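> Sharing a model prediction with you, sequence too.
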Amino acid sequence: MSDAVPSWPSLYNPLIELFPLQHRDPIEPSGRYLHDPHDVFRFTLYWTLILYTPAYALCGTYAFLNLAFPPLRIALTTRAPRPDSGPSHRSVGGESIPLRRYSRQPGPGGRAQGQGARTPAKQNERRSRLTFALLVLFVFAVFAVAGAVVGSAVVGYVLAGLFKSAKYNMSTWVPFIGGLLQTLVGFLGLWPTVIDFI
């Protein structure tokens with residue numbers, strides 16, 4: 001067993017490990033293997049950052065563009081009112097119910113009838129739409145990196161513990177597959193959540 005740490009990515013032809021399996025040494029001369037748990041974490045982190053972060057960057061960019069440049073709202077076409085249900089009557093179950101319009105004339109208390117006590121919402125003077133969109137993009141980037149680091153720590157050290165307890169030699173392909181699986185599991189929760197927020 002060699003203590004030399006292969007450089008990242010050190011991927012090799014995986015077929016030398018698979019065919020034929022019988023009567024072969026546990027370590028192939030042209031293969032690359034990891035033995036230190038920190039190296040397994042490092043390789044898993046690199047692969048996870050490469051595979052995981054672009055999806056978050058893409059969704060973050062989509063959210064940024066939707067917030068910074070909102071889509072135009074198209075006015076819905078209005079249909080012609082029915083003759084039996086004008087603005088003054090509403091037909092419910094065959095009965096005609098008279099409706100009363102609120103006038104904008106000041107009533108008692110100085111307020112117009114039909115208006116609530118609610119004041120109009122103020123625009124935030126200190127934060128523009130672009131600032132809010134950049135903040136959303138920054139949050140996406142932070143969550144991408146944080147998710148990759150935490151997930152890689154869990155996956156990398158669990159893989160290292162499993163391989164070390166079984167006394168197997170870990171190929172440099174195993175952290176790649178671990179990062180790929182973590183990325184695919186992350187995709188399960190990424191897209192629907194983003195669409196709900198946007």
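Arrived safely, thanks for sending.

> only C-alpha atoms for contact and neighbour calcs from this point on.
OK.

> can you map out the helices along the protein?
Here the chain has its helices, by DSSP state H, at 15-18, 37-68, 129-165, 173-197.

> If you count neighbours, what's buried in the third one?
Buried positions in helix 129-165, judged by neighbour count with 16 or more other C-alpha atoms under 10 Å: 133-134, 136-138, 140-141, 144-145, 147-149, 151-153, 155-157, 159-160, 163.

> one step back: and Trp8, which of the helices of the chain is closest to it?
With respect to Trp8, and counting by C-alpha to C-alpha, the nearest of the helices of the chain is helix 37-68 at 6.7 Å.

> Okay, angle between the closest one and helix 129-165 too, please.
For helix 37-68 against helix 129-165, the angle by axes from the mean of the first three to the mean of the last three C-alpha atoms, to 10 degrees is 160 degrees.

> Mind giving me the packing neighbours of helix 37-68?
Here helix 37-68 touches helix 129-165, helix 173-197, going by 3 or more C-alpha pairs under 8 Å, 6 or more residues apart in numbering; DSSP states H and E.

> buried residues in it?
Within helix 37-68, the residues that qualify as buried are 37, 39-49, 51-53, 55-57, 59-65, 67-68, counting by 16+ other C-alpha under 10 Å.

> okay, and for the chain, where does confidence drop off?
Counting by pLDDT under 70, the chain shows low-confidence ranges at 1-3, 20-21, 24-26, 28-30, 75-94, 96-127, 189-198.

> Mind doing that once more with 50?
Flagging of the chain using pLDDT under 50 yields the residue ranges 1, 85-86, 114-115.

> if we can go back for a sec, distance to Pro9 added to the helices of the chain, as a markdown table?
A markdown table is the format used below for those (distance: least, C-alpha to C-alpha, whole Å):
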| stretch | distance to Pro9 |
| --- | --- |
| helix 15-18 | 17 |
| helix 37-68 | 7 |
| helix 129-165 | 15 |
| helix 173-197 | 9 |
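
> Figure out which of those helices is closest to Gly31.
Using C-alpha to C-alpha, those put helix 15-18 closest to Gly31, at 7.8 Å.

> Which positions within that closest one qualify as buried?
Glu17.

> Output the helices and strands packed on helix 37-68 as JSON lines; include the columns distance to His23.
What follows is those, written out as JSON lines (distance: least, C-alpha to C-alpha, whole Å):
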{"stretch": "helix 129-165", "distance to His23": "21"}
{"stretch": "helix 173-197", "distance to His23": "22"}
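
> Grab the CA positions of stretch 168-181 and hand them over as CSV.
Taking Å, rounded to 0.1, in the frame of the first residue of the first chain, the C-alpha atoms of stretch 168-181 are listed here in CSV:
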residue,chain,number,x,y,z
TYR,A,168,-10.8,-1.9,1.2
ASN,A,169,-8.8,0.4,-1.1
MET,A,170,-10.8,3.3,-2.2
SER,A,171,-10.6,4.2,-5.8
THR,A,172,-10.6,7.8,-6.8
TRP,A,173,-13.9,7.1,-8.6
VAL,A,174,-15.7,6.5,-5.3
PRO,A,175,-15.6,10.2,-4.3
PHE,A,176,-16.8,11.2,-7.8
ILE,A,177,-19.8,8.8,-7.5
GLY,A,178,-20.4,10.1,-3.9
GLY,A,179,-20.4,13.7,-5.2
LEU,A,180,-22.7,12.7,-8.1
LEU,A,181,-25.2,11.0,-5.8
